[in-house]
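Peer 1: Got a sequence here, can you model it:
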Amino acid sequence: MSRGPSFCAVILAAGESTRMGRDKALLPWPPLGGAQPASGQTLLSAAIQRLSSWNDMVFVVVGKNEANLAPVVYANGGEIVLNPAPERGQFSSLQVGLHEVLSRGRDAAMVTLVDRPPAEAATLQILRDAFAEAPPHIWAVVPEHAGRHGHPILIGREMIEAFLRAEPSATAREIQKQNQEHIQYVAVNDPWTAANLNTPEDYAQLPHSTQ
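Peer 2: Residues are numbered from 1 along each chain as shown. From the prediction side, this is the model:
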C-alpha cells in the first residue's frame with residue numbers, strides 16, 4: 001500500500017566552509033569554465049529551485065552566514081531557519097531543521113547538504129516513488145550511486161523522531177546505523193547524489209556542464 005506524506009526539504013547550510021575558503025552555498029552553479037557565461041545561479045539557489053517542485057516548503061538552515069544567504073533563499077522561494085549555535089556541528093542543524101518540519105505540520109523531510117550538487121529531477125522522482133511504495137518498517141530512503149550512499153535522503157516521521165531524540169553530539173550516520181533495518185537504499189544513475197564539494201579542488205574538477 002502506498003503512502004503519501006507531506007514533505008518539506010531541509011538544506012543544511014550553516015557551516016563555515018573553512019576548507020573551501022568561501023561559503024559553498026554561494027558557489028556559481030553550474031560550474032563556470034571556458035567561455036561559458038555566468039548563469040547568475042548559485043549552488044544554493046539551484047538546490048532550492050530543484051527541491052521546490054517536490055516539497056511543500058524548502059527550509060535552509062543557516063548560522064552566522066544568515067545575512068549573506070538570506071537574499072538568495074528568499075529570492076528563490078525558500079525559508080530561513082536559524083541554528084543559534086552552529087558550532088555544535090552539522091547534526092545540530094539537522095535537528096533544528098527537522099523541528100521546523102514538524103512544527104509546520106509535515107511528517108516527512110527530504111534532507112540534503114548545501115555542498116551536494118542538486119540531484120536530477122528524475123532521481124527525485126525515483127526516490128519519492130520508492131518512499132511512497134516502501135513497506136511500513138522503512139523509515140528512510142537513501143540514494144546510492146556506484147556503491148556510495150548520497151543525498152538527498154528521504155525520511156518519514158519515525159526517522160525524524162529518531163534524529164530528534166538523539167543527543168546533539170551524535171551524528172546522522174550513527175543514528176542511521178542504529179536504525180539500519182529501517183533504511184532502504186535505492187540505486188540511481190545520478191553521480192550528483194554522491195558528489196561532495198569540500199575543497200576548491202573538488203569544485204574545480206567538476207565538469208563545466210550539468211543537468
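Peer 1: quick one: low-confidence ranges for the chain?
Peer 2: Scanning the chain for pLDDT under 70 picks out the ranges 1-4, 17-18, 32-39, 207-211.
Peer 1: For it, which segments count as helices?
Peer 2: Along the chain, the segments classed as helices by DSSP state H run 43-52, 66-75, 90-103, 121-133, 157-165, 172-178, 200-204.
Peer 1: what packs against the longest one?
Peer 2: The reference is to helix 90-103. strand 7-12, strand 57-62, strand 79-82, strand 108-113, helix 157-165, helix 172-178 (3 or more CB pairs under 8 Å, 6 or more residues apart in numbering; DSSP states H and E). Yep, even glycine has a C-beta here, placed from its N, CA and C like the rest.
Peer 1: out of the helices of the chain, deepest packed?
Peer 2: helix 43-52 (a mean of 22; mean count of other CB atoms under 10 Å).
Peer 1: Would you point out which residue is most central in this protein?
Peer 2: Nearest to the mean C-alpha position of the chain, by CA atoms, centre = their mean, lies residue 112 at 1.0 Å.
Peer 1: Please name the residues that touch that residue.
Peer 2: 9-12, 47, 51, 119, 151-153 (CB atoms under 8 Å, 6 or more residues apart in numbering).
Peer 1: hmm, back to that, so which of the helices and strands packed on helix 90-103 comes closest to residue 23?
Peer 2: Proximity to residue 23 (CB to CB) singles out strand 57-62 among the helices and strands packed on helix 90-103, at 10.0 Å.
Peer 1: Direction included, what does that closest one pair against?
Peer 2: strand 7-12 (parallel), strand 79-82 (parallel) (DSSP bridges).
Peer 1: looking at the ones you listed, which is closest to residue 56?
Peer 2: strand 7-12 (5.8 Å).
Peer 1: returning to what we had before: deepest in the core, which of the strands paired with strand 57-62 is it.
Peer 2: Counting by mean count of other CB under 10 Å, the most buried of the strands paired with strand 57-62 turns out to be strand 7-12, with a mean of 27.
Peer 1: relative to strand 108-113, how tilted is it?
Peer 2: Angle between the axes of strand 7-12 and strand 108-113 is 20 degrees (criterion: axes from the mean of the first three to the mean of the last three CA atoms, to 10 degrees).
Peer 1: circling back: pick the one among the contacts of residue 112 closest to residue 140.
Peer 2: Looking across the contacts of residue 112 and measuring by CB to CB, the closest to residue 140 is residue 153, at 5.9 Å.
Peer 1: contacting residues around the closest one?
Peer 2: With contact set as CB under 8 Å, 6+ apart, residue 153 has these partners: 110-112, 140-143.
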